[in-house]
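**Student:** coords please:
(chains A and B)
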There are 2 protein chains.
Amino acid sequence: MSGGAGALLATMGALGLAPSAEASAKGAFAPPQPTDFSLTGRSANRVVILGAGIAGLATAYELGKAGYDCTILEALDRVGGRNWTIRGGDRVLELNHSFQVAKFSDGIYFNAGPTRLAQWMVTMDYCRELGVDLEIFTNSNAQAYIYHQHVGAPVRWRTAKADMYGYVAELLSRATDAGALDAALTAQDKERLIAFLSSFGAVGNKASGFRYTGTPRRGYSVNPGAGDQPGTVLGPVPSLSEVLASGVGQWFEFEHGYEQAMLMFHPVGGMDMIPRAFAARIGPERILLRSKVTKITNLQDGVEVEYRDHYGTTRKISADLCVAAMPPHILAKTAHNLGAEVQAALATPTVVNAGKIGLEYNRRWWELDEDIYGGITATDLDLTQILYPSYGYGSARGLVVGYYNFDAQANAYAALTSPERERRAIEQGIKIHGAKYRDELATSVSVAWNLQPNIEGAWVSWPSRQGAYQLLNKPAGHVYFAGDWLSHMIAWQSGALESARKVVMGLHQRVMNAN
Amino acid sequence: MSGGAGALLATMGALGLAPSAEASAKGAFAPPQPTDFSLTGRSANRVVILGAGIAGLATAYELGKAGYDCTILEALDRVGGRNWTIRGGDRVLELNHSFQVAKFSDGIYFNAGPTRLAQWMVTMDYCRELGVDLEIFTNSNAQAYIYHQHVGAPVRWRTAKADMYGYVAELLSRATDAGALDAALTAQDKERLIAFLSSFGAVGNKASGFRYTGTPRRGYSVNPGAGDQPGTVLGPVPSLSEVLASGVGQWFEFEHGYEQAMLMFHPVGGMDMIPRAFAARIGPERILLRSKVTKITNLQDGVEVEYRDHYGTTRKISADLCVAAMPPHILAKTAHNLGAEVQAALATPTVVNAGKIGLEYNRRWWELDEDIYGGITATDLDLTQILYPSYGYGSARGLVVGYYNFDAQANAYAALTSPERERRAIEQGIKIHGAKYRDELATSVSVAWNLQPNIEGAWVSWPSRQGAYQLLNKPAGHVYFAGDWLSHMIAWQSGALESARKVVMGLHQRVMNAN
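**Tutor:** Below you'll find the model as predicted:
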């Protein structure tokens, strides 16, 4: 290494390169230990946890490590909350009384809720710790499409990128070479920038005016083959104006996001492998399903929670401490004595709706006919996006997510019956994939998150991270709050996990200090 | 759809959007059918195939479908040729008499040869047909590094891209806004371009001079978390000059290549699942291992091939036709009567060397310490690149490819003993990953392809696709030639498969015409 360590380190600093810092980007977490009690003569507390979603499960799991006596009350007949994987035979009941029974084939699953994990998220660590096998979630695929209605035909991501990057490189090379950026660039900068753009955009040299005239990166109409078949690059190349007017470039930023950039992951066999693994470690006997919380009472020296059990009987459970790991808008509809300020805070965030439909096909036509093995087609249709499956490549059948949309578009589908949702999703998807999109459909299941009992929304949005958010990030008497909604990673399981860990650390510290 | 079908189609044409054409980009192939013989009273021919690499195996498999009586002669003690997966207990013998026995743990494998498949390649179809399960090969990962020696510290791909794209967006926005490109852009083009650049580069608005000042896309030094932890974006942001001088942008084009853009795939359990599946379908009794071809004689009405069997005995096999699916430089060293022109043609292509080392580690430190779950770190070191494993995420042990290099760099490693290769690869890798790269190493195996008996190279390069290439793409008497070296996809299994299919079609047509 030349230049001396000092110069080197200075360069590293200037470039913001700090791999050791990056490596430790995760928040610190010290899980409670059994010895915290056994070695100090303290007694582990009894904790009642409201909700067996990811935050509630993680809370019980981490507290359980130290011997806390945890009980989870869960209104649904399953663990996981929004982490919900639907398989053949599963029932989907909505608040408008619509009712679907999934007719998916064996081996087919539909992640109706969270669908992906980023590598840096703590969810990855829990999968390792819990023995949940991971595989790649195909969040981006050069071979998938971008479809804009005014263009009228899908274009593959690879083609869209080749053209947009090609023209960007052409334009910036010309401007740079013409001296338009001399105020910002040294002669050496200019040389290096033009060299970069040449490879980035696959454009011509200076003599050719840095022209973009297409590139094999667009794809081929006839693939390279044997003998005298060099392949035919897809053409003709659209003009710069046409590429800009198509609007395809608006989607590229998705692939660069800290949360969304590949590689992304998901559990083998369905996202609910995570809550199932948590539940197995916690012990099923500690999780009371179909037990809906009806009243939370903070007491002088503990907490009492009323719930309706699976026979419809109202019961009470007492504990030293409570962790309310339910959605804020559901908590806000639950009787409690936590005060008006807490009640106002719980009602503060806005509930966001989202919807999904799982379409099972008899044939993996996306692979067989279009060479698309996973990934996402982005659209300006009301279905927003189509997700091709990240498992079962090359097998007989498969499940496509026919829409995953939000807000107004999710509300529009939520207002329909499930057959109507299917029909609408299919009518839209046909524009991209043709008649097989309807003709080869086997069955479907759709979920509107605002209509899911005891959940009633996909996630929430805070008007600010002051006030209500800060209040609920502190305990109200003996009641703590946990969930992705109390993190800076809303709608991510990692947000729920980080929130649970924060509550576990705070609660345990309090117990240690008090005993 | 507004504007009428005519306008729509015109737009599609202009944009080069032809999904139906793309869908049929694969070369046509009509495999021989059993009925071709049984229904016409013709007799299936006897074919001897030289080499049980991918081309030889595919030839035997496809001809076998129609009842051809095929025999494969293979010099090695395994099928697959360069498709070679090394597991614990496997031996690696090189032409310089060096000898390694792989000590890899159970479940660990090392693909010493081909490592990835693109979705559009015919290899994907053979995997489906043969029942070979596929999973993602992690060819790109935003979380992996780019390491340049003069920079002195690794930078993650996501950080490198955020900065380079940010400055490109800033510069082009400014030039566009200042009118430097008015000759090329309409007012509407300019507006659309600046809107694209704003999202592409995450740059400021016009009032802020379109300044790039960093973005969460760079990554975080402290990740977003729960409560009051919004996360700390990695900084400081290097200057434009520093980013250009770092040279990180030179690697970006890799991700856009038609052959290399994600999503990429590989067989579950090792690349040799493909040749193993071929061999099982062909019938092991038809594949004579350790049978080295010593002479090829084209006869008036057939062909005779001499080979040395696994006892060292010279034997002869007669057939109607022969498919020589060996590397051209090995064929050129084999006695034959195919004439001086064929001999000159076989000696025409240049042999390219490549090398790889598989490093098994006791601990998946790349996942645990650096949140890197797969992908490739690009470097300007002589190791060229480091590949993190695309299988076994979250498990105990794992195998990193410590170098995969070519030409002079491969030759440099080939000249070393295997312990020396390991030492050199480790010394380089430490610069990126620190001392654990040495301290936690369990075992390694290295392969220099120019030293592999009966293969003697990674692939070949043609000076031109005229002359010799064209000659060998035609049969010499009763002898056909097949291999990736006779395709426009050299070094890809799909090239070997396409070549085999071409030969199978030509050979079968000849037999059908002759009978």
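**Student:** ranges for the helices of the stretch 51-200 of chain A?
**Tutor:** For the stretch 51-200 of chain A, helices defined by DSSP state H, counting those that start in this stretch occupy the ranges A:54-65, A:122-130, A:157-177, A:187-201.
**Student:** Could you confirm whether the longest one reaches chain B?
**Tutor:** Put plainly, it is helix A:157-177. Yes. Contact of helix A:157-177 with chain B (C-beta under 8 Å from any C-beta of the partner chain) involves A:158, A:159, A:161, A:162, A:164, A:165, A:168, A:171, A:172, A:174, A:175, A:176. (Glycine included, C-beta is placed from N, CA and C.)
**Student:** Likewise for the first one?
**Tutor:** No. Among the residues of helix A:54-65, none lie within reach of chain B under C-beta under 8 Å from any C-beta; the closest is 9.5 Å away.
**Student:** quick one, that helix and helix A:122-130 angle?
**Tutor:** Helix A:54-65 and helix A:122-130 are oriented at 40 degrees to each other (axes from the mean of the first three to the mean of the last three C-alpha atoms, to 10 degrees).
**Student:** who's in contact with helix A:54-65?
**Tutor:** Outside helix A:54-65, the residues that touch it by C-beta atoms under 8 Å, 6 or more residues apart in numbering or on different chains are A:31-34, A:47, A:49-50, A:70, A:72, A:74, A:79-81, A:83, A:126, A:274-275, A:278-279, A:281-283, A:286-287, A:323, A:325-326, A:482-484, A:493, A:496-497, A:499-501, A:503-504, A:507-508.
**Student:** Give me the buried positions along it.
**Tutor:** For helix A:54-65, burial by neighbour count (16 or more other C-beta atoms under 10 Å in any protein chain shown) applies to A:54, A:55, A:56, A:57, A:58, A:59, A:60, A:61, A:62, A:63, A:64.
**Student:** Repeat that for the shortest one.
**Tutor:** For helix A:122-130, the buried set under the neighbour-count rule, 16+ other C-beta under 10 Å, comprises A:122, A:123, A:124, A:125, A:126, A:127, A:128, A:130.
**Student:** and which of the buried residues of helix A:54-65 is nearest to residue B:116?
**Tutor:** Within the buried residues of helix A:54-65, proximity to residue B:116 (C-beta to C-beta) peaks at residue A:54, which comes in at 34.2 Å.
**Student:** Skip the chain neighbours and tell me the closest residue to the closest one.
**Tutor:** The shortest distance from residue A:54 to any non-neighbouring residue, by C-beta to C-beta, 6 or more residues apart in numbering or on different chains, is to residue A:496 (4.0 Å).
**Student:** Would it be right to say that the one you found lies in a helix?
**Tutor:** Yes. The assignment for residue A:496 is a helix, going by DSSP: H, G, I helix; E, B strand; the rest coil.
**Student:** still on that earlier bit, can you redo the buried residues of helix A:122-130 as TSV with pLDDT?
**Tutor:** Formatted as TSV, the buried residues of helix A:122-130 follow (pLDDT from 0 to 100):
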residue	pLDDT
A:122	97
A:123	98
A:124	98
A:125	97
A:126	98
A:127	98
A:128	97
A:130	98
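**Student:** In CSV, list those residues along with distance to residue B:362.
**Tutor:** Formatted as CSV, the buried residues of helix A:122-130 follow (distance: C-beta to C-beta, whole Å):
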residue, distance to residue B:362
A:122, 24
A:123, 25
A:124, 20
A:125, 19
A:126, 22
A:127, 20
A:128, 16
A:130, 22
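**Student:** Give me the subset of those that also touch chain B.
**Tutor:** A:124, A:127, A:128.
**Student:** what's the nearest residue to the last one once chain neighbours are set aside sitting at in phi/psi?
**Tutor:** Okay, so that is residue A:128. Leaving aside its chain neighbours, residue A:128 sits nearest to residue B:394 (4.1 Å; criterion: C-beta to C-beta, 6+ apart). The phi/psi pair for residue B:394 (degrees, to the nearest 10) reads phi 80, psi 0.
**Student:** who are the neighbours in contact with residue A:269?
**Tutor:** With C-beta under 8 Å, 6+ apart, residue A:269 has these contacts: A:109, A:133.
**Student:** Can you pull the phi and psi angles for it?
**Tutor:** phi 90, psi 0.
**Student:** try residue A:405
**Tutor:** phi -130, psi 180.
**Student:** does it really touch residue A:354, like I thought?
**Tutor:** Yes. Applying C-beta atoms under 8 Å, one finds residue A:405 in contact with residue A:354, separated by 6.9 Å.
**Student:** more neighbours, the two?
**Tutor:** Set residue A:405 next to residue A:354 and count neighbours by other C-beta atoms under 10 Å in any protein chain shown: residue A:354 wins out with 26 against 23.
**Student:** from memory the more buried one sits against residue A:458, does it?
**Tutor:** Yes. Counting by C-beta under 8 Å, residue A:354 does reach residue A:458; the two are 3.5 Å apart.
**Student:** which residues do the two both contact?
**Tutor:** Counting by C-beta under 8 Å, 6+ apart, the common neighbours of residue A:354 and residue A:458 are A:406, A:410, A:449.
**Student:** ok, the first one - contacts?
**Tutor:** Contact criterion C-beta under 8 Å, 6+ apart gives A:352, A:353, A:354, A:384, A:458 as the residues in contact with residue A:406.
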